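Q: sequence first, then the predicted structure:
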Amino acid sequence: MKFTPEKYRIADEPMQPFIDSQEIWDYINNAKPTRERVRAIIAKSLNKERLNLEETAVLVNTTDPELVEEILQGARTLKEKVYGNRIVLFAPLYIGNKCTNNCTYCGFRTSNKDAVRMTLADEDLVKEVEALEDNGQKRLILVYGEHKDYSPEFIADNVRLVYGVKKGNGEIRRVNINAAPLDVEGFRIVKESGIGTYQVFQETYHPDFYTNYHLSGKKKDFNWRLTSLDRAQEAGLDDVGIGALFGLYDWRYEVLGLVRHTNHLEACYNVGPHTISFPRIKDASSVNTPAEYVVNDDDFVKLVAILRLAVPYTGMILTARESVAVRRQVIQFGVSQIDGGTKLELGSYAQTKNEEQNLNREQFMINDNRSLGEIIEDLVDNDYLPSFCTACYRLGRTGEHFMEFSVPGFIKRFCSPNAMLTLTEYLIDYATPEVQEKGWKLIERSLVDLESQANVAEIRNRIERIKQGERDLYF
Ligand code: SF4
């Protein structure tokens, strides 16, 4: 698909900044959420078209409860129609918390002298990966502070090491990265190690607020960060994740910032972001941010639904920063990936309980402490198909979320069958008998649903082969 660039006051040029905060505010200040407009915009999104800034501004300004409910329902419908019921699972793995930046809201900030600084040595990394494999994880995101020790070569070595760790039937099949912005050559080096997505979150898209929060270090440079994923694209790394840290500034502005970033990437590289993330600050007092920007649960649900509608083709990631209740609620509105069994302290996946108490190395708090097994059971109980699928990335079907969105029948032919195959592996290798029983029933129900649209006989055949001991089968 060719994207049609929109006209903004700052024209889209590769590797050039594109945020004009006054322009974003002009859109928000002038958007009128009439009933007809809101409904027409929801209909446009359900027609699988990305929304422009003006249309997104209309949705963020909508406060009439009836219309807000229509926005939520629109996101729910889009998710059900386009993405089906599978949820992809992953785990974050913190590699090192050394950091030369001083971001006022972050536990890794250089001025936080209480933080115990460490970087996983190779043998520790192997232990962590083995522990994650023992839980059934197949997809990881490696997380780094910004420090000269975490060079592109270092990251690439970690990635290769992780792919090489195999324990029992366990293996990691996709490694994503959340690390500092690199130059073009750096992105090239990391890409060559075989990563999936490279995430760089802008935190806030407002340049002045950005400056106030980032006191020193390389991260202080708003535009270096803003254009980082352009450099990734120039390096051939076209699988990129964007995000904003909600709570730093007005959430409505940040939603438009994410959409502006999306259409910049589309205009310059003809490819939008692979994923959008929307972590939220819960407690302003503990992270030195203004209370007025804390996003309450209702607005959070609304902004997730608006993002779903605004960029209907992208993957949406919801993390364990959110509580179980919020995760259960928000998942309906278009979330496609969640983390499970998350631990943020460095080295904690392989630690015993007693050792864990001595750790003080986390970046922020998590509010969903359930194990991967508990999360899978919850998903299954609520008729979601947990998935560890990595097929597209391994078959070179790049831009997978775009394909699942735009290629008719893609979900039914690939994503749902692959979710069942990876769930079958999980049930056999890692699940309790109770979860196994529920899981087999869910797979059976899902097969019936697919009857007319996929090669169910072949899916059943592969499930049988996995039961007989084969692994890593996919479509
Ligand atoms: S088939 Fe492709 S798009 Fe679907 S879940 Fe697997 S990797 Fe993702």
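A: On my side now, so go ahead. Numbering: from 1, shown residues only.
Q: please tell me I have it right and Trp224 contacts Pro181.
A: Yes. The pair Trp224 and Pro181 qualifies as a contact (C-beta atoms under 8 Å) at a distance of 6.0 Å. (C-beta placed from N, C-alpha, C; glycine too.)
Q: which one of these two has more residues nearby?
A: More neighbours surround Pro181 than the other of Trp224 and Pro181, with 20 against 15 (other C-beta atoms under 10 Å).
Q: excluding chain neighbours, what is closest to the more buried one?
A: Spatial nearest neighbour of Pro181, excluding adjacent residues (C-beta to C-beta, 6 or more residues apart in numbering): Ser228 at 3.2 Å.
Q: what count of nearby residues applies to that neighbour?
A: Burial of Ser228, expressed as a neighbour count using other C-beta under 10 Å, amounts to 22.
Q: ok, it touching Leu182?
A: Yes. Assessed by C-beta under 8 Å, Ser228 is found in contact with Leu182 at 7.1 Å.
Q: what residues does the protein put near the ligand?
A: For the chain, the contact set with the ligand under C-beta under 6 Å from any ligand atom comprises Val88, Ser387, Cys389, Thr390, Ala391, Cys392, Tyr393, Glu400, Glu404, Phe414, Cys415, Asn418.
Q: count of residues packed around the fourth one?
A: If you count neighbours by other C-beta under 10 Å, Thr390 ends up with 21.
Q: ok, it - contacts?
A: When contacts are counted by C-beta atoms under 8 Å, 6 or more residues apart in numbering, Thr390 touches Lys138, Arg139, Arg173, Arg174, Gly196, Tyr474.
Q: rerun at 6 Å
A: The neighbourhood of Thr390, defined by C-beta atoms under 6 Å, 6 or more residues apart in numbering, consists of Arg173, Arg174.
Q: same check, this time on the last one
A: If you count contacts by C-beta under 6 Å, 6+ apart, Asn418 has them with Cys389, Ala391, Tyr474, Phe475.
Q: out of these, the closest to the ligand would be?
A: Cys389 (3.2 Å; C-beta to the nearest ligand atom).
Q: which strand or helix spans the closest one?
A: Here Cys389 sits in a region with no helix or strand, counting by DSSP states H and E.
Q: partner residues bridging the spatially most central residue of the chain?
A: Most central residue of the chain, judged by C-alpha distance to the mean C-alpha position with C-alpha atoms, centre = their mean, is Ile317 at 3.1 Å. Each beta-bridge partner of Ile317 is listed here: Ser277, Gln337, as defined by DSSP bridges.
Q: the ligand versus that one, what's the distance?
A: Ile317 is 13 Å from the ligand, where distance means C-beta to the nearest ligand atom, to the nearest Å.
Q: try Asp221
A: When C-beta to the nearest ligand atom is applied, the distance between Asp221 and the ligand equals 34 Å.
Q: switch to numbering from 690
A: That works, and once the first residue is 690, the last one we named lands at Asp910.
Q: who's in contact with that residue?
A: Going by C-beta under 6 Å, 6+ apart, the list of residues near Asp910 is empty.
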